[in-house]
Each structure stands twice: as C-alpha cells, then as structure tokens.
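> attaching a predicted model along with its sequence, questions to come.
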Amino acid sequence: MIKVMIKGFKLYNHNKWPREKMIEYSNKRMREMIKHAYRSSNFYKTLYKSAGIKYEDLDNIPIEELPIINKEIVRNNFFDIVTDHISREDIEKAMESSELMIRVGKYILVHTSGSTGKPCNFLYDKEAIDMIEANMVRISMGGRKAIELKDFPIKVLYVAAVGSGYAATTLAMNGIKRYKAKSVILNVGEPIATWKEKIKNFTPSYVAGYPSCVKILADMQKRGEINIKPKKIITGGEPLSKEVCEYLASVFDADIIDYYGCTESIFLGVGSSWYEGIYLMDDMNYVEVDEFGRLVITPLHNKIFPLIRYRLNDVVEGFDKAYNGFLPYTILTGWWEEKRK
C-alpha cells in the first residue's frame, strides 16, 4: 500500500508540471512503448515490417505514420500481441470464464462486456495495475474535502448493476479488497427498500457508481431515509450531466470525480467539481484523435499487452492538446461546453 501511495503522490506532482514538460514526458514514454512492442511482440514486428518500418526508424518516424489498430485486430491477434511466454492453454481457459477479471499467472485477463458484439480480451501486468491504483490516489487529492489519516481504512459505498458492469469496475473493487478497505455494495438489481438497512451504521468516505445509481442514493438522502457524509463521490460508466453533478455535490456536500476509463485502458481521464473539463492524463496514455474525432490511445504502462495507436469507438468533442488549463493535460473542452448549455 505504501508503494502505491508514494506512486500516487508522484503522479499528483505531475499535475503541477508545465504543459511542455508533460508533452515531452508523454512523447518519450510513447517512443519507449513503440520500441518495446517492436522488440517483444510478434504482432507489431510483423505489422511494422509489412509497412516498411524498421526498428531504427522508431525514434524519428512521425507517430501518425504508424498503423492504427482496433478491437477486431486485437481479437484476431491476441496471442501474437502478448510479449511474454504464457501458456496458451491457461489463457484459453481464462477466456472461457464469465468473470470480467481473472488471474493468469502473474497477469490479469479482462474483457469487454460484449455489449456491441463478441467480447474482446486484454491482459494487464503488475506495473499497469499498480499505476491504475496509484492514479486513484492522485485523482482523490485536491478539492474541498481532503482525505485524512482518520479516514483510513478507506470506507467505500459502491452502487451499480453488479455482475453486468465493466472490467474497470471489477478491478477497482479488487483494489479495495487488496488494501483492506471496507466496502458495502448496493446492487441496483435488488429492491431499493433493502438499501437503507445495508447502509445503516456505515460511514463511507467514498461513494462510487454510475451517476444514475448514485443519484438514487442522493434522493434517499434528501428524503431523510439515509444520512451519509462521503468526502468523495466517484462516478463513471455513463455521462455525468451538469445538473446531476451539482445535485450530488449539494446533497452530500462532497467533491465529485467524473472517472473516464475503458477496458482497454482502465484509466483515460477525469473531470471534477472543482475544475471544468475532462482531462486525458497524458502520463497514463498517449492520446490522439482520428479524422472522425474518434479517440486513439496508447497506454503507457502495460508492457505485457501493448496497444499502440488503438482506436476506440468513442467520439470526443473539443480535443485540445494546446489548451492551457487547470491541469497540464490534454483536455476535452466539448465536455464542459455541452454542460454549460
């Protein structure tokens, strides 16, 4: 836990960097990841050679000249993308599991929910998981409500459609258990009338879940059915409107953190109630957009399963790498411009 806390404080220090230093850092990590993929992944070595790209080209070739990959390509080339010698039998067995997250030796296998078709699998190593958990420390700092020593062990009230969520959710809950945090899980599939008893005598410092689910809790609080005083509310999995954000902050007198992630990269960006916009943390992912505004990502810390220039289906508005804002990261200005309407 101490190591993750230290990493979290280091990430928080990145928030104070000049934008130029952050871009330089992100570019450097991107080049390192590209070269690692070329050396260690049969898939990328073959892909780049077929495009006439040699290893010695990787320090100078414009990033936009590297091929873009997508979910279908990953699905069809999973075993060639992996950079370590892992038993194919063990991975295939793990893929048959209905769980969203399962261990394969020292690695973690996750997959998409399959809502848009056949699920797609991705592998995470320890460094990537540690960075994701350290980042939770980073995004919890700031705001009006500071997390203090008296708040440990952390208490988390989690509310969502348990069992049908995302790998990101499952991994977050795994982190809660790993650090001996106390948690209460509210399943929206169960009668809301049972929630009051489950929450009774529980004093969470964090509330987490889909915005629509957390709003149900806020409605209960406003009616006097529950009385909780979280310092941080973390929402994700669906859009958080300005109205709901302000409502949650007002009812609970808490800081709101709008978490943006996906199975391919558990953390992409974050918004909050104490600054405007969604920031894409360039120290966690190298980010681009294609000609249609779709987000293209390269996670910078997951060496077991490199995704170089992976195109998501997410269309983002107001993608701006030159914006000089509250934080030194790439911003999605369209997020808060839409909220202002």
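That came through, no problem. Numbering: from 1, shown residues only.

> helix/strand/coil for the residue nearest the centre of the chain?
Centrality entry for the chain: nearest residue to the mean C-alpha point is residue 267, 1.8 Å, by Cα atoms, centre = their mean. Three-state call for residue 267 (DSSP: H, G, I helix; E, B strand; the rest coil): coil.

> pLDDT wise, what is the residue lying closest to it once chain neighbours are set aside at?
Here the nearest residue to residue 267 in space, its sequence neighbours aside, is residue 261; by Cβ to Cβ, 6 or more residues apart in numbering that works out to 4.9 Å. C-beta: built from backbone N, CA, C; applies to glycine. At residue 261, the model reports a pLDDT of 91.

> how about the one 4 residues further on?
Model confidence at residue 265, expressed as pLDDT, equals 93.

> and residue 36, by the same measure?
Listed pLDDT for residue 36 reads 98.

> that one: neighbour count?
By other Cβ atoms under 10 Å, the residues close to residue 36 number 15.

> wait, it touches residue 84, no?
No: using Cβ atoms under 8 Å, residue 36 is not in contact with residue 84, being 11.8 Å away.

> what lies in contact with the longest helix along the chain?
The longest helix of the chain (DSSP state H) is helix 19-40. With Cβ atoms under 8 Å, 6 or more residues apart in numbering as the test, helix 19-40 has contacts from 14, 17, 44-45, 48, 55, 58-59, 63, 66, 83, 282-283, 286, 298-300, 303, 306, 308, 321, 324, 328-329.

> can you point out the buried residues in stretch 112-132?
Of all the residues in stretch 112-132, those buried under the rule 16 or more other Cβ atoms under 10 Å are 112, 119-125, 128-132.

> what mean pLDDT does it have?
For stretch 112-132, the mean pLDDT works out to 82.

> quick one: end-to-end length of it, please.
One end of stretch 112-132 sits 18 Å from the other (Cα to Cα, to the nearest Å).

> gap between that stretch and the chain center?
10 Å (Cα atoms, centre = their mean, to the nearest Å).

> again, but for stretch 90-101
With Cα atoms, centre = their mean, you get 21 Å for stretch 90-101.

> and if you look at stretch 63-76?
That offset, for stretch 63-76, works out to 20 Å (Cα atoms, centre = their mean).

> any buried residues in it, and which?
For stretch 63-76, burial by neighbour count (16+ other Cβ under 10 Å) applies to 66, 69, 71, 73, 74.

> likewise for stretch 185-198?
Under the neighbour-count criterion of 16+ other Cβ under 10 Å, stretch 185-198 has 186, 187, 188, 195 buried.

> can you tell me which of these is closest to residue 290?
Checking the buried residues of stretch 185-198 against residue 290 by Cβ to Cβ gives residue 188 as the nearest, at 35.0 Å.
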